[in-house]
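Trainee: got a sequence here, can you model it:
(one chain, ligands or ions: 1)
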Amino acid sequence: MAKILQVQTYIASKEKACHEVGIISSVYRFDETVSEIKLLETIDFLNNDEDVDGFIVQLPLPKHIPVDKIIQRINPAKDVDGFHPINIGRMVLNLPSYLSATPYGIMQLIERYNIETEGKHCVILGRSNIVGTPMSILMSRKGYPGNCTVTLCHSKTENLKEICLQADILIAAIGQQEFVTADMVKQDAVVIDVGMHRIPSTETKSGYKLIGDVKFDEVAPKCSYITPVPGGVGLMTIVSLLKNTLKAAKKEIF
Ligand code: NAP
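Mentor: Sure, this is the predicted structure:
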């Protein structure tokens, strides 16, 4: 139930942001039992609608739906989440593309705060297609932000703590609540928390609060910079979606 509420919150935030900047948005909601055919038909409809510049399919999808097939059906020119293999491939080759929204948001944060990246060791926790893997490509590519030496960690990584302690820039995207603790972080490191978990709370009116993959209170004093949850990477993901949609409307990429 908490997961569903969390997804609804993501969607509501994206709708609100579109409204604030003057992008007309529509939400197509389906039951958990929706068929693959129905989803593919909806994607075809949006691909062919000339009034639609860009759209996303909000993940996660129900288990019976093949995510790759759904993502690959999106017209790459309208893929403002940047998940289509053509956009990922173009990103890898440093060609114009829609960058995956969360990594793109992180790149913008790094740039806005003038964080030095050249020659730095960037450790990324998590290798998902939507966050960890594209992040590793972006941080290691030539240019700024980039030129990092990147270590991409996952559930089979050995000596995780020792690797994290070597990080000048630590990006946590593993989906484990408050996994990164102070003893895993080097003094003055930059810590970027992608994680987002909705947990019950007596401190808020809603009865829930959001926490990340990093134990913020104990890690923050050691960092030169750290992103909070909420109010950090999540917001930047939405900014990136809006920017990609504007690029789509201007036909800047395709
Ligand atoms: P995901 O698909 O669940 O992938 C998690 C990754 O972490 C996998 O690569 C997994 O390794 C690795 N992992 C899991 N447990 C680990 C452990 N104990 N030690 C080392 N590695 C471990 O995650 P995701 O979709 O990238 O999302 C990650 C987090 O970011 C979630 O909390 C999600 O809600 C959040 N998120 C936030 C935003 C935003 O806008 N703020 C956007 C997207 C996601 P294996 O590959 O070996 O399984």
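
Trainee: up against the ligand, what does the stretch 151-254 of the chain have?
Mentor: 153-157, 160, 173-176, 194-197, 213, 233-234, 237 (CB under 6 Å from any ligand atom). Where C-beta positions appear, they are placed from N, C-alpha and C, glycine not excepted.

Trainee: can I have the buried ones of those as a PyMOL selection?
Mentor: The PyMOL selection below is limited to those of those classed as buried (16 or more other CB atoms under 10 Å):
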select buried, resi 153+160+173+174+194+195+196+197+213+233+234+237
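
Trainee: can you check the pLDDT for the residue lying farthest from the centre of the chain?
Mentor: For the chain, the residue at maximal distance from the C-alpha centroid (CA atoms, centre = their mean) is Thr202, at 28.3 Å. The per-residue pLDDT reported for Thr202 equals 94.

Trainee: ditto for Ile4
Mentor: Ile4 carries a pLDDT value of 67.

Trainee: center of the chain - which residue?
Mentor: Thr102 (2.4 Å).

Trainee: now do the same contact list for that residue.
Mentor: By CB atoms under 8 Å, 6 or more residues apart in numbering, the residues touching Thr102 are Ile130, Val131, Met135, Ala173, Val194, Val233, Met236, Thr237, Ser240.

Trainee: pretty sure Leu39 sits against Ile65.
Mentor: Yes: using CB atoms under 8 Å, Leu39 makes contact with Ile65 at a distance of 6.4 Å.

Trainee: rewinding a little: can you tell me how far the residue nearest to the centre of the chain is from the ligand?
Mentor: In this view, Thr102 and the ligand are 4 Å apart by CB to the nearest ligand atom, to the nearest Å.

Trainee: circling back to that earlier point, just the ones of the contacts of Thr102 in helices?
Mentor: Assigned to helices by DSSP state H, the following of the contacts of Thr102 qualify: Met135, Val233, Met236, Thr237, Ser240.
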